[in-house]
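the sequence and its predicted three-dimensional model are supplied below.
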Amino acid sequence: MIKKKIKLFADGLKIDQFDIDFGIEIDGYTFNPSIFKNHGARDYLHYSKELVLKSKDKPISLEVFADSKDEMIKQANILNDLGKNIFVKIPITYTDQEYTTDVLEILVKNKIKINLTAIFTFNQIRKVLPILKDTQTILSVFAGRIYDSGIDASETMKVICDYVNENSDCEVLWASPRMPYDYISASNVGAKIITMQPDQIKKIKSFGKNLDDYSLETVKQFFDDANSSGFKI
């Protein structure tokens, strides 16, 4: 087994992927409505129940998709009732870019575990942390999409992690990783959790691999593929 650095959550597993041996312990699971759509789910609540059964009491984050305070709270309560291991994912803002602080206040009061998602900036963290600081809320910061914007996400994440770790009981989650090395980067900046898709998790097995051996494997792969294809020049 690989030596663990931080908690590793599997992102978007299909029903038949929960029993895969990734060579590293999976500490929890994360999902969102886009994943449900890609999986072909027809009934959101029924599919959520199936995933919860597969999670075997490990933390599992399931997201609301309402866009108003009352409906978001209603959906949060329904998802929360699916199990004691549920973290209800709440977006940092509504679609009009107003903060969902009114929802967060109610959920905290009702002791519902929260995964606050779609966070991109330190200012967003400062806005919500006063409400969440005494809870074990997961703060999902989309490092990969920050990188996509041409910004060094490691710098942003370091600032956020230092602030959150010093001023709250919350845990920062490195979301939307772009490569397996993000597992190391997340640990280095002080994130407590990273969520990764199955193909990325599988590649963690290559950590520590001899690069000369890896180079030779690559040369052989290209050679074998060319031969099996019958290419000629």
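Sure, I can see it.

what's the neighbour count on I114?
Close neighbours of I114, defined as other Cβ atoms under 10 Å, add up to 25. No exception for glycine: its C-beta is placed from N, CA and C like everyone else's.

check the one 10 residues further on too.
When neighbours are counted by other Cβ under 10 Å, Q124 registers 18.

just the pLDDT for the closest residue to it other than its chain neighbours.
In this structure, Q124 finds its nearest non-sequential neighbour in I92, 5.4 Å apart by Cβ to Cβ, 6 or more residues apart in numbering. If you check I92, the pLDDT there is 98.

wait, what's in contact with I92?
99-100, 116-119, 124, 128 (Cβ atoms under 8 Å, 6 or more residues apart in numbering).

helix, strand, or coil at the residue nearest the centre of the chain?
Closest residue to the average C-alpha location of the chain: T195 at 3.4 Å, with Cα atoms, centre = their mean. Secondary structure, DSSP: H, G, I helix; E, B strand; the rest coil: T195 is strand.

the helices in the chain, which residues?
Secondary structure of the chain (DSSP state H): helices at 33-38, 44-55, 69-80, 101-109, 122-132, 143-148, 153-167, 182-189, 198-203, 211-229.

okay, angle between the fourth one and helix 122-132 too, please.
Compare the direction of helix 101-109 with that of helix 122-132 by axes from the mean of the first three to the mean of the last three Cα atoms, to 10 degrees and you get 40 degrees.

show me what counts as buried in helix 101-109.
101, 103-104, 106-108 (16 or more other Cβ atoms under 10 Å).

ok, so of the residues you listed, who is nearest I86?
I86 has its nearest neighbour among the buried residues of helix 101-109 in L107, at 11.7 Å by Cβ to Cβ.

my guess is the closest one meets T101, correct?
No: contact status for L107 versus T101: not in contact, 10.6 Å apart, counting by Cβ atoms under 8 Å.

measure T101 to A41 for me?
Using Cβ to Cβ, to the nearest Å, T101 is found at 30 Å from A41.

I'd like to know how many residues surround the residue lying closest to M157 once chain neighbours are set aside.
Excluding the flanking residues, the one nearest M157 by Cβ to Cβ, 6+ apart is V189, at 4.5 Å. When counting by other Cβ under 10 Å, one arrives at 20 neighbours for V189.

got it, and V159?
Residues near V159, counting by other Cβ under 10 Å: 14.

gap between it and V189?
9 Å.

I'd like the distance between the nearest residue to L132 once chain neighbours are set aside and D134.
In space, and not counting its chain neighbours, L132 is closest to C170: 5.6 Å by Cβ to Cβ, 6+ apart. C170 is 9 Å from D134, where distance means Cβ to Cβ.

swap in K220?
Taking Cβ to Cβ, one finds K220 at 56 Å from D134.

circling back: who's more crowded, C170 and D134?
Ranked by neighbour count (other Cβ under 10 Å), C170 and D134 place C170 first, with 22 against 11.

that one touches S140, doesn't it?
No: counting by Cβ under 8 Å, C170 does not reach S140; the two are 10.8 Å apart.

what's the spacing between stretch 100-114 and its chain's center?
How far stretch 100-114 lies from its chain's middle: 20 Å, per Cα atoms, centre = their mean, to the nearest Å.

next one: stretch 128-142
Here the centre of stretch 128-142 is set off from its chain's centre by 15 Å, with Cα atoms, centre = their mean.

closest to W174 out of the helices of the chain?
Nearest of those (Cβ to Cβ): helix 182-189, 3.7 Å.

tilt between the closest one and helix 153-167?
Using the same axes, to 10 degrees: helix 182-189 against helix 153-167 is 50 degrees.
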